[in-house]
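K.L.:
quick check, what structure comes out for this input:
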Amino acid sequence: MIVAGIDPGLQNTGLAIVKKMDQSVELVQYHLVKNKQSDSFDARLKTIYDQIFDFFRSFRPDVVALEEVFYAKNAQVALKMGHARGVAILAAANSGIPVVEYSPREIKLSVTGNGNASKYQVQQMILKILGITEIPETFDITDAMAAAYCHSQRAKT
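P.N.:
This is a model prediction of the structure:
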């Protein structure tokens, strides 16, 4: 089973592909979609969509895993993040790939054994689980890896 994980954001969107074979899970690839703050809102969304769509075309995942909607203190931020999430889901739908969602707590629990783990703890554990020695440039990438890993452990194969 090939699982894509996505951590959507307007500035940075983390993408990861993991492959589950029997009981082992290996990282196939990861990518960071970067946007500039100076880019227009619609240009950012187009960049996110295009790069995710191309990523899916290259790796042909069986399923896409992402974090459920969270409630931000700032409604404006939550609304804009929702747009990035929607574009990611649209890229999956247009690629014919089903989407599954997990709560942040469920993802953290599957990776660290602690549903209240910090981003740093998730990062360190997912790197260890996947045997990665080089730390990716942002938490967005390791969060995408964690979402993909969570599905690889929860899915009925």
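
K.L.:
confirm Ala16 sits in a strand?
P.N.:
Yes - counting by DSSP: H, G, I helix; E, B strand; the rest coil, Ala16 is found in a strand.

K.L.:
my guess is it contacts Val25, does it?
P.N.:
No - Ala16 is beyond contact range of Val25, at 11.2 Å (criterion: Cβ atoms under 8 Å). The C-beta positions use only the backbone N, C-alpha and C, and glycine is treated the same way.

K.L.:
who has more neighbours, the two?
P.N.:
Ala16 (32 against 19; other Cβ atoms under 10 Å).

K.L.:
what's that one in contact with, if anything?
P.N.:
Residues in contact with Ala16 (Cβ atoms under 8 Å, 6 or more residues apart in numbering) are Ala4, Gly5, Ile6, Leu27, Gln29, Tyr30, His31, Ile141, Ala144, Met145, Ala147, Ala148.

K.L.:
out of the residues you listed, which end up buried?
P.N.:
Buried by 16 or more other Cβ atoms under 10 Å: Ala4, Gly5, Ile6, Leu27, Tyr30, His31, Ile141, Ala144, Met145, Ala147, Ala148, out of the contacts of Ala16.

K.L.:
and which of the residues you listed is nearest to Gly96?
P.N.:
Ranked by distance to Gly96 (Cβ to Cβ), these are led by Ala4 at 12.8 Å.
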